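S.K.: After the sequence you'll find the predicted model.
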2 protein chains.
Amino acid sequence: MTIASIFTKASKTFHSYPSYSKLLLLCTLSGGGVVAYAELQSDSRPPSVDPNEPRRKRVVVLGTGWAGTSFLKDLDALKYDVQVVSPRNYFAFTPLLPSVTCGTVEARSIVEPVRNIIKKRRGEIKFWEAECVKIDPANKKVFCRSSVDANLVGSGDFSLEYDFLVVATGAQVNTFNTPGVKENCHFLKEVEDAQRIRKSVIDCFEKAILPSLTDEERRTNLHFVVVGGGPTGVEFAAELHDYVQEDLIKLYPTVKDIVKITVIQSGDHILNMFDERISTYAEKKFGRDGIEVQTGCRVVKVTDKDITMKVKSTGEVCLVPHGLIVWSTGIGTLPVVRDFMEQIGQVNRKVLQTDEWLRVSGCESVYAIGDCASIHQRKIMDDISSIFKAADNDNSGTLTVKEFQDVVDDIILRYPQLELYLKSKHMLSVTDLWKDPQGVDREEIDIEGFKLALSHVDSQMKTLPATAQVAAQQGAYLARCFNRLEYCEEHPEGPKRFRESGRHVFRPFQYRHLGQFAPLGGKQAAAELPGDWVSMGHSTQWLWYSVYASKQVSWRTRMLVISDWTRRFIFGRDSSRI
Amino acid sequence: MTIASIFTKASKTFHSYPSYSKLLLLCTLSGGGVVAYAELQSDSRPPSVDPNEPRRKRVVVLGTGWAGTSFLKDLDALKYDVQVVSPRNYFAFTPLLPSVTCGTVEARSIVEPVRNIIKKRRGEIKFWEAECVKIDPANKKVFCRSSVDANLVGSGDFSLEYDFLVVATGAQVNTFNTPGVKENCHFLKEVEDAQRIRKSVIDCFEKAILPSLTDEERRTNLHFVVVGGGPTGVEFAAELHDYVQEDLIKLYPTVKDIVKITVIQSGDHILNMFDERISTYAEKKFGRDGIEVQTGCRVVKVTDKDITMKVKSTGEVCLVPHGLIVWSTGIGTLPVVRDFMEQIGQVNRKVLQTDEWLRVSGCESVYAIGDCASIHQRKIMDDISSIFKAADNDNSGTLTVKEFQDVVDDIILRYPQLELYLKSKHMLSVTDLWKDPQGVDREEIDIEGFKLALSHVDSQMKTLPATAQVAAQQGAYLARCFNRLEYCEEHPEGPKRFRESGRHVFRPFQYRHLGQFAPLGGKQAAAELPGDWVSMGHSTQWLWYSVYASKQVSWRTRMLVISDWTRRFIFGRDSSRI
Ligand SMILES: Cc1cc2nc3c(=O)[nH]c(=O)nc-3n(C[C@H](O)[C@H](O)[C@H](O)COP(=O)(O)OP(=O)(O)OC[C@H]3O[C@@H](n4cnc5c(N)ncnc54)[C@H](O)[C@@H]3O)c2cc1C
Ligand SMILES: Cc1cc2nc3c(=O)[nH]c(=O)nc-3n(C[C@H](O)[C@H](O)[C@H](O)COP(=O)(O)OP(=O)(O)OC[C@H]3O[C@@H](n4cnc5c(N)ncnc54)[C@H](O)[C@@H]3O)c2cc1C
């Protein structure tokens, strides 16, 4: 029994030395080229609960996306009574969703069951597969409903009480109320969306090739339209182009010349949130590939047959027949979050507003992280007098360089825009701010001079983008705060309070931008790296492979993703309609 | 660019020497233990069509299951104008469907796109993803409808004309018109069924664990019922048991003691089409595993809450609450086949009747293979006088041993039950038939004696089971007949015609039974091998792995299936609800 013994032995080895052997396997599989990434090692001793201990505070987490999962991965669950609610019992690695639409990667390779993730944590974390339908901040309760729609017995409605609530429910697709979008467009937000798109692409080909169709009908069915020229839309268009050129035209040779992909973008350029070099490079590449880019056009209506589009510059309206539309134009508010916002007086906003410590403004004990929230960063100019007063140690009415230097670290922690401003002006030290308009160093500065010196700092304030990176960093930050809550109450680690006395308990959340990719198909990608670096071409695609493999949430998904890529290299993508 | 070059090189190598390198890869992956299996090597030169050649005969094939695909894999498509119609654009390896229900193997690993299969053939084969909705044998036409339900332009209705029609549409699930089955049960016939079951199993667990349920409700939701104790039902029950014990109870520890699996079987034993030793072994193993087997019970009604079941022996009726039911009780007729049968006068039958050459009885130029058909084997006693006459060379009114020996090969070809009869009576030679009732050899025999000697032969006639093995052998047989049609018209290769003169053009179809497996979970399987061998236990499971890996339709699916098994050994099965 050779196979038997090999498998049994392998299996045993893996169970006794999981990390080493998995690492070994990964290196073997990946040719050793993948960035090594240390998975969080966790001790799985059962929690020791002392009956005399005071009741642990109840933390309820809503959502298991990037923000929620990252919070759970870092939270010390021995300190709290943790319950997690999410309608999906898995975490999905969204950056690879566009790859799933064309079968470059399988849906299952990018998801990890939440229960697998929490099983590895010390302490008990309860998970309920349910949707939160109402947050009741007055009574510190959330109401939930099971997301299982099968005909099973028992009520799926329940409520949970919390001491702390972490809202990490993400966002939903924004249709801008354009008529017909919900009924006739695909979205690309959930794993199921990607699976549906994959099936529909094949549907378009199978229908177009039937003997009963006219050439015009074939052409319509094979017109793939992407609305939205952001990273997701562009990546999908690129993936689809590769899929068609590398795999599908070999299987459907009679229609190979009539397949068309169009990207409709309301702005003047695609990828306009990236560096200009990247957006130009992408447009050129798409031009060479035959992917049509229609910029400056707004979709005003969609039917099952065509898209009505308005050219912004001329006001001209045109009809575009389509086979499949993928709508990817940004994010909107979930109903449960909208309702919560109305209760706490945050109306007319798209996302929950939090302070710099990620606590929902006006709502003790509720935190919000990820796409459903945005930080309200205080302006330095709003607090300028308090800052001046706090810095002016000797109450002289003027500030010396020394006095300023004493508080500058606290200012930068509290108002990170100051650091960005110094960088943008290429100032190496804060004393450069002390120069008068003629560039001469000053000894002291009064409040008016101080205001003038800092008057442009707030222009560097940025709303954080709705990305996985931000969500993950926020989750990890919040977990760290929760873990150190007791300690930090006694030993505050935050910056000086300028408007009140004392110190803040924690440092405020600070985002570190690690760069962003835009895969462009044809084994090319573009990347914006920290420090204004831009990288484009084949090697960037390999960087993309390494980073995305390394960022996987578990060794399992990492191995699956790598083996999917390998399989694609060898056998191409699958075209079965399942 | 290390990874880049490795991948690119690997990819190139694979494309230049596909078979060698794939073999190498497989051996590496599988630890060399898998039975080597030579994939059909096909020459992909473009077909050379001579305009002066007469029009090639049009062959239309309905269905791309085991029978249809095996026909297409062997058909010489240069000789015919071939069109294939099937609502699914892939071939599915059904024996692994039960493994898909629990994620031991992924759905995509067991399917191969039809277009990939036909691309490898010499000659052009057209494929239409559509359902045949009507066969019109009078006009030699089939009417088809696109199976794409997306909102695409163009009519999906078309018709095809044929010279030869091959019906290989398989069968559908048989509910025996039991009320509530269609609405409340899962079937296990298509890939999508398996995917749905997988999701529903997780649904049951996620719902059962919610805080709002009573213990009774949890118990009901975690009661998994399998109706039908045939190989599919038994294998599903075993797979589910493994999934629950090896993976799910670790993730849902609080409900681990209330999960229950029940198999309801109307016969007295499960697996009653197998050798008795196997069925006893299976029942014992299920007993040890805690899988309840209810034999002698017939389900009379199903609702969303419970199953009504009648105990056959006592007539007692009982209600069984359930969380999920998988209905697996045999096969019924597809509407399109039923309609066709009515047109050709084959009413009141479950499947199409064909002659021993697989041609639909009473219908020139239509062939039927696989689950939708069954061979009407002529009885030897019906033709006994003609046989006697044909054998009686000298018209003496008696048959000598020599005369009989001259035709016995033809008789065995035409009436294979004779060979089975000889085997069952342990007769080494046909002359043993010549013995008189006292066991004394005779020189000659008259018609009455001849009738007596062969009177029990027809008891060995068997209807072939509805299995993949039969379907695949029939497809290959029919392709061979089609390939040799012209040659054999001139050089008939079949047995002597006893009722008329001359020879049959082809040998009739002959089934070779290669054995059958019944996986029983816990890394054990049972197998019935040719020659009345029976094998049970762990080693049989390893035989099962080897055989199923070797039988895959392509190297791609073979690699995927093996890597799925490997992944399961290392990481367990996935429990994400997608
Ligand atoms: C196709 C695509 C590609 C992307 N590519 C990138 C990329 O390359 N790089 C990058 O940085 N970012 C990328 N993003 C953005 C990134 O996915 C999001 O910014 C990130 O997922 C936000 O994390 P989140 O936890 O706030 O929300 P999500 O990850 O969306 O998670 C929300 C969670 O809340 C749950 N939930 C929803 N409603 C409720 C409810 N009522 N009650 C309880 N739970 C609920 C959901 O099930 C989910 O688990 C991409 C997004 C998409 C859609
Ligand atoms: C879960 C399961 C496990 C099994 N395990 C085994 C096993 O271990 N060993 C074994 O030998 N057998 C097994 N079988 C039985 C085996 O799958 C069948 O006997 C075999 O598939 C029959 O082949 P077929 O080609 O006749 O039908 P199928 O394989 O069912 O193929 C029918 C084809 O016809 C197509 N079709 C359907 N309707 C139409 C229409 N109207 N027009 C055109 N095309 C149509 C379908 O899409 C499909 O492509 C199993 C079956 C199941 C369901």
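M.R.: Looks like it came in fine. Ligands and ions are numbered 1, 2, ... in the order given.
S.K.: Disregarding flanking residues, what is the spatial nearest neighbour of the residue of the stretch 101-250 of chain A found nearest ligand 2?
M.R.: Here the stretch 101-250 of chain A gets closest to ligand 2 at one residue, residue A:206, 13.0 Å apart by C-beta to the nearest ligand atom. To be clear about C-beta, it is placed using only N, CA and C from the backbone, and glycine gets the same treatment. Spatially, and ignoring its direct neighbours in sequence, residue A:206 is nearest to residue B:129 (3.9 Å; C-beta to C-beta, 6 or more residues apart in numbering or on different chains).
S.K.: which secondary structure elements does the helix or strand containing the residue of the stretch 101-250 of chain A closest to ligand 2 contact?
M.R.: Using DSSP states H and E, residue A:206 maps to helix A:191-208. If you count contacts as 3 or more C-beta pairs under 8 Å, 6 or more residues apart in numbering or on different chains; DSSP states H and E, helix A:191-208 packs onto helix A:97-100, strand A:186-187, helix A:215-221, helix A:231-243, strand A:324-327.
S.K.: Helix, strand, or coil at whatever residue of chain A ends up closest to ligand 2?
M.R.: Here chain A gets closest to ligand 2 at one residue, residue A:577, 11.0 Å apart by C-beta to the nearest ligand atom. Under DSSP: H, G, I helix; E, B strand; the rest coil, the three-state class of residue A:577 is coil.
S.K.: per-residue pLDDT, the closest residue in space to it that isn't next to it in sequence?
M.R.: Spatially, and ignoring its direct neighbours in sequence, residue A:577 is nearest to residue A:202 (4.4 Å; C-beta to C-beta, 6+ apart). As predicted, residue A:202 sits at a pLDDT of 96.
S.K.: now stretch A:365-375, how far from the centre of its chain.
M.R.: 13 Å (C-alpha atoms, centre = their mean, to the nearest Å).
S.K.: which stretches of chain A aren't confidently modelled?
M.R.: Applying pLDDT under 70 to chain A flags residues A:1-53.
S.K.: partner residues bridging the nearest residue to residue A:392 once chain neighbours are set aside?
M.R.: Computed as C-beta to C-beta, 6+ apart, the closest residue to residue A:392 that is not its neighbour in sequence is residue A:399, at 5.6 Å. Residues in a beta bridge with residue A:399, per DSSP bridges, are residue A:445.
S.K.: I figured residue A:399 hits residue A:444, correct?
M.R.: Yes. The pair residue A:399 / residue A:444 is scored as a contact, 6.5 Å apart, by C-beta atoms under 8 Å.
S.K.: Compare neighbour counts for the two and give me the winner.
M.R.: residue A:399 (25 against 15; other C-beta atoms under 10 Å in any protein chain shown).
S.K.: contacting residues around the more buried one?
M.R.: Contact analysis of residue A:399 by C-beta atoms under 8 Å, 6 or more residues apart in numbering or on different chains lists A:388, A:391, A:392, A:444, A:445, A:446, A:450.
S.K.: same deal with residue A:312?
M.R.: Shown in contact with residue A:312 (C-beta under 8 Å, 6+ apart): A:266, A:296, A:297, A:298.
S.K.: need the contact list for residue A:492.
M.R.: When contacts are taken as C-beta under 8 Å, 6+ apart, residue A:492 is in contact with A:502, A:503, A:504, A:505, A:506.
S.K.: does the fourth one count as helix, strand or coil?
M.R.: When classified by three-state DSSP, residue A:505 comes out as coil.
S.K.: and the gap between it and ligand 1?
M.R.: Residue A:505 is 24 Å from ligand 1, where distance means C-beta to the nearest ligand atom, to the nearest Å.
S.K.: Ok, residue A:90 next?
M.R.: Distance of residue A:90 to ligand 1, computed by C-beta to the nearest ligand atom: 8 Å.
S.K.: Identify the bridge partners of that residue.
M.R.: residue A:113.
S.K.: hey, where'd the helices end up in the stretch 301-450 of chain A?
M.R.: With DSSP state H, counting those that start in this stretch, the ranges of helices along the stretch 301-450 of chain A come out as A:335-343, A:384-391, A:401-414, A:417-424, A:447-454.
S.K.: Only the buried residues of the second one, if you could.
M.R.: Just to be clear, that refers to helix A:384-391. Residues A:384, A:387, A:388, A:390, A:391 are the ones in helix A:384-391 that count as buried (16 or more other C-beta atoms under 10 Å in any protein chain shown).
S.K.: other SSEs contacting it?
M.R.: For helix A:384-391, the packing partners by 3+ C-beta pairs under 8 Å, 6+ apart come out as helix A:401-414, helix A:447-454.
S.K.: Report the backbone C-alpha coordinates of it in PDB.
M.R.: What follows is helix A:384-391, C-alpha atoms only, in PDB (Å, rounded to 0.1, in the frame of the first residue of the first chain):
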ATOM      1  CA  ILE A 384      -5.100  76.400  16.800                       C
ATOM      2  CA  SER A 385      -5.700  78.600  19.800                       C
ATOM      3  CA  SER A 386      -5.900  75.700  22.300                       C
ATOM      4  CA  ILE A 387      -2.700  74.300  20.700                       C
ATOM      5  CA  PHE A 388      -1.000  77.600  21.100                       C
ATOM      6  CA  LYS A 389      -2.100  77.900  24.600                       C
ATOM      7  CA  ALA A 390      -1.000  74.500  25.600                       C
ATOM      8  CA  ALA A 391       2.400  74.900  23.900                       C
END
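S.K.: So what's the gap between that helix and the chain middle?
M.R.: From the chain centre to the centre of helix A:384-391 is a distance of 36 Å (C-alpha atoms, centre = their mean).
S.K.: give me phi/psi at residue A:131?
M.R.: Phi and psi for residue A:131, reported as degrees, to the nearest 10, are phi -100, psi 140.
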